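Q: generate coordinates for the sequence data below:
(chains A, B and C)
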Amino acid sequence: MPKEEVFTHILLSNQTSDNNALTPEITKEVQRALCSAATDDSKLLLLSAVGTVFCSSLDYSYLIGQLSSNRRKESTWIAEAIRDFVKAFIQFKKPIVVAINGPALGLGASILPLCDIMWTNEKAWFQKPYATIHLTPTGCSFYTFPQILGVALANKMLFCGWKLTAQEACSRGLVSQVFWPTIFSQKVMLWVKEMVSCSAMVLEESKLLVRSCLKSVLEDVNEKKMPHAQTTLEFLQGPGFPVQLPAGQNL
Amino acid sequence: MPKEEVFTHILLSNQTSDNNALTPEITKEVQRALCSAATDDSKLLLLSAVGTVFCSSLDYSYLIGQLSSNRRKESTWIAEAIRDFVKAFIQFKKPIVVAINGPALGLGASILPLCDIMWTNEKAWFQKPYATIHLTPTGCSFYTFPQILGVALANKMLFCGWKLTAQEACSRGLVSQVFWPTIFSQKVMLWVKEMVSCSAMVLEESKLLVRSCLKSVLEDVNEKKMPHAQTTLEFLQGPGFPVQLPAGQNL
Amino acid sequence: MPKEEVFTHILLSNQTSDNNALTPEITKEVQRALCSAATDDSKLLLLSAVGTVFCSSLDYSYLIGQLSSNRRKESTWIAEAIRDFVKAFIQFKKPIVVAINGPALGLGASILPLCDIMWTNEKAWFQKPYATIHLTPTGCSFYTFPQILGVALANKMLFCGWKLTAQEACSRGLVSQVFWPTIFSQKVMLWVKEMVSCSAMVLEESKLLVRSCLKSVLEDVNEKKMPHAQTTLEFLQGPGFPVQLPAGQNL
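A: The predicted model follows:
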């Protein structure tokens, strides 16, 4: 995670998977970077990813391996790791700019509404196929997605595994703007430079105001829905799991 | 109301009107079906309608006939019937899939945001011409419509009798997707089959999470705004009613 | 501010600026007109503007002149004037129809979500370039804009000075409909006439219901965020102000 003079840059890169899947170790590392960026002199945080995928949710094969010994204890630990990861995003006070280079799935899509400016590559798409893979949604997405997209579309994603294209995500308010792949990185850096030309105080104050009513709701949702997340993880170990993703719903 | 193996199917069909208008008797029958479906082994509820109209709101000519004897008492009874009908939708725990075959008006449109997946025929349209027919809105629509469509568009429907097309309703989040008339029924059944392949527990748990923050608000809105609904029904009996719908705003 | 038989017409017209900028004197005059319209027999309020600009926010050059003598005291007075101006819109009980003839900026855009029907000229655009001019947002816009447009787009306006076109504003729910310049005034008057044909009681009752859940939140946001607005105004006097608007972001 390289550090620029005026902004912190977090790069998602899972060495053990092709799809930037999240393990509890990676979520902990992101939390440490957020914690460090909170107190240094950077004005904003840029979150981007290595490769052609932005983030393909939790690394389920890794999780199932971890769960083999003591199921209840381990699933509690993983659920807490997710909760703390989500909480770190909710509580971060400087603007978070996200460069979504490719597909964002599950938890990788759930964190987007917790960020502030989301620039998207035309090739990106968004999916939260929880019901179709026999799981309930993680993070605050069961609250934020219906809020942003409306219940009708959020449920189509949730219950029918609907893939949201970059254009749809933009026209419905999940992301800020879509750029063509050839100019994507250049445009993101142009806007980051524009933003860091603002006063750090004004950037933080503006985010504080925009998030003022939303922050406590999100914290509450993240805390109180913990039991559900845990149930989900315990369910992972049941005889019905792992299931095959329906055809055409894989990456 | 035929019953399939894995889902309950409610078919709106008003034998006494061409437009599937709602009478207190029909709303009671729907409530009974919802109550029965809540405890049986069906995984979801499919709501559709017979004919070319989905639902043309309350049957006002029927209501005015009923109101002739004891106005205050009768209008209280009708307002309570509406409140209980709306409450039954809010409290139903399994996913409700709606197949909107044609126009949905007034209360027939108000129930849509209380459902979960709304598949729409291209020929459908949506209207809540309360102010133009000199009435205030029923159900929770004065809360849900501005939430989903924004105050600017919700008020255009409310104050100007604006007809929302199927495409507009979809792009603004009132419905999940629009299908061409020729493939509409086929597509709806395809998605219903896809959904019932999910675990009943995951379907119910997912709906619970998505509705967790919204449910208590809707219950509160439905309970507390009762006096307004009653005022509206009493107004029905005033000298200014019935009024003619402005030209082009009839079905 | 001419008065029609059935509706009150407020015309924004700043004699001392080309862009209908708001001074505390003008906001007071609008408040007086709202106060008078609240109790007379008009059915609704029409808000429009003279010239090619709808409203270009606070008149900052005027404000800086005013602030020269006693900075803290004067900035408190101006912040209170803004708060009272916003409060007058929140508390107005009859429908407010806005005819947006041209660009609406800053506070001129912030008041739009407090109104009920917003008709827009194709030539209008919307901008809230607070962060880019090193200020935090005024009014309730930091609450209403993310609510209506979503955080992703609201932040693009706030942090990147993004100009929202009339069409974007309509498709995202900030305004009710866009008309071509040649028919704009005619269409607005047609709809105003249509609306005033409704019963005054139904118009007011409908607005009451639509705003019932939102009104207390807006009042709360307007009251509690006062310190921030004041900080902003004190900041106006700092060495970093006035700043140049980035090229292409002037009117």
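
Q: what is the burial count for A:Ile183?
A: A count of nearby residues for A:Ile183, using other CB atoms under 10 Å in any protein chain shown, gives 12. Using the backbone N, CA and C atoms, a C-beta is placed for each residue, glycine as well.

Q: now it: how far from chain B?
A: 27 Å (CB to the nearest CB, to the nearest Å).

Q: residues contacting A:Val6?
A: A:Asp41, A:Ser42, A:Lys43, A:Leu44, A:Val196 (CB atoms under 8 Å, 6 or more residues apart in numbering or on different chains).

Q: find the nearest non-adjacent residue to the fourth one, please.
A: For A:Leu44, the nearest residue in space outside its immediate sequence neighbours is A:Pro95; the separation is 4.5 Å by CB to CB, 6 or more residues apart in numbering or on different chains.

Q: phi and psi next, for the one you found.
A: phi -60, psi 140 (degrees, to the nearest 10).

Q: restricted to helices, list the contacts of A:Val6.
A: Using DSSP state H, the members of the contacts of A:Val6 that fall in helices are A:Val196.

Q: who wins on neighbours among the contacts of A:Val6?
A: Ranking these using other CB under 10 Å puts A:Leu44 first, with 25 neighbours.

Q: what about the residue nearest in space to the middle of chain A, distance to C:Cys115?
A: Ranked by distance to the mean C-alpha position of chain A (CA atoms, centre = their mean), the top residue is A:Ile111 at 2.7 Å. Counting by CB to CB, to the nearest Å, the gap from A:Ile111 to C:Cys115 is 35 Å.

Q: could you do A:Asn19 as well?
A: 47 Å.

Q: neighbours of the closest residue to chain B within the stretch 1-150 of chain A, how many?
A: Proximity of the stretch 1-150 of chain A to chain B (CB to the nearest CB) peaks at A:Gly150, 2.7 Å away. As a burial measure, A:Gly150 scores 23 neighbours (other CB under 10 Å).

Q: quick one: contacts for it?
A: Neighbouring residues of A:Gly150 by CB under 8 Å, 6+ apart: A:Arg172, B:Ile148, B:Arg172, B:Gly173, B:Leu174.

Q: how about the one helix or strand the second one maps to against chain C, any contact?
A: This points to B:Ile148. Per DSSP states H and E, B:Ile148 falls inside helix B:141-149. Yes. Using CB under 8 Å from any CB of the partner chain, helix B:141-149 reaches chain C at B:Phe142, B:Tyr143, B:Pro146, B:Leu149.

Q: surely the first one is in contact with C:Leu209?
A: Yep, that's B:Phe142 we're talking about. Yes. Between B:Phe142 and C:Leu209 there is a contact under CB atoms under 8 Å: 3.9 Å.

Q: tell me which of those two has more neighbours.
A: B:Phe142 (28 against 23).

Q: and for A:Cys213, nearest residue in space, chain neighbours not counted?
A: A:Cys213 sits nearest to C:Tyr143 (CB to CB, 6+ apart), 5.7 Å away.

Q: how about the contacts made by the one you found?
A: A:Ser212, A:Cys213, C:Val217, C:Leu218, C:Val221.

Q: before we move on, which element is the first one in?
A: When secondary structure is defined by DSSP H and E, A:Ser212 falls within helix A:200-224.

Q: who does that helix touch, helix- and strand-wise?
A: With contacts defined as 3 or more CB pairs under 8 Å, 6 or more residues apart in numbering or on different chains; DSSP states H and E, helix A:200-224 has these neighbours: helix A:71-91, helix A:141-149, helix B:200-224, helix C:141-149, helix C:151-160, helix C:200-224, helix C:226-235.

Q: so how far is chain C from the residue of the stretch 1-150 of chain A closest to chain B?
A: 11 Å.

Q: with A:Gln127 instead?
A: In terms of CB to the nearest CB, A:Gln127 sits 18 Å off from chain C.

Q: ok, A:Trp162 next?
A: 18 Å.

Q: any idea how many residues pack against that residue?
A: With other CB under 10 Å as criterion, A:Trp162 counts 20.

Q: which pLDDT value belongs to it?
A: Per-residue pLDDT puts A:Trp162 at 94.

Q: my read is it is in a strand, agree?
A: No. Under DSSP: H, G, I helix; E, B strand; the rest coil, A:Trp162 sits outside any strand and is assigned coil.

Q: quick one: contacts for it?
A: A:Gln127, A:Leu153, A:Lys156.

Q: switch to 10 Å and redo it
A: Neighbour list for A:Trp162: A:126-129, A:132, A:153-156, A:168, A:249, B:176-177 [criterion: CB atoms under 10 Å, 6 or more residues apart in numbering or on different chains].

Q: phi and psi next, for it.
A: phi -60, psi 130.

Q: do A:Leu107 as well
A: Torsion angles, degrees, to the nearest 10, at A:Leu107: phi -60, psi -30.

Q: since we're on the closest residue to it other than its chain neighbours, how many residues are nearby?
A: Closest residue to A:Leu107 apart from its sequence neighbours, by CB to CB, 6+ apart: A:Ser57 at 4.8 Å. Neighbour count for A:Ser57, taken as other CB under 10 Å: 23.

Q: and the residue of the stretch 51-200 of chain A found nearest chain C, its phi and psi?
A: Of all residues in the stretch 51-200 of chain A, the one sitting closest to chain C is A:Gly173 (2.7 Å; CB to the nearest CB). Main-chain dihedrals, A:Gly173, degrees, to the nearest 10: phi 100, psi 10.

Q: likewise for A:Ile111?
A: phi -80, psi -20.

Q: which non-adjacent residue is nearest it?
A: Counting by CB to CB, 6+ apart, the residue nearest A:Ile111 is A:Phe89, at 5.5 Å.

Q: residues near the one you found, how many?
A: A:Phe89 has 23 neighbours, counted by other CB under 10 Å.
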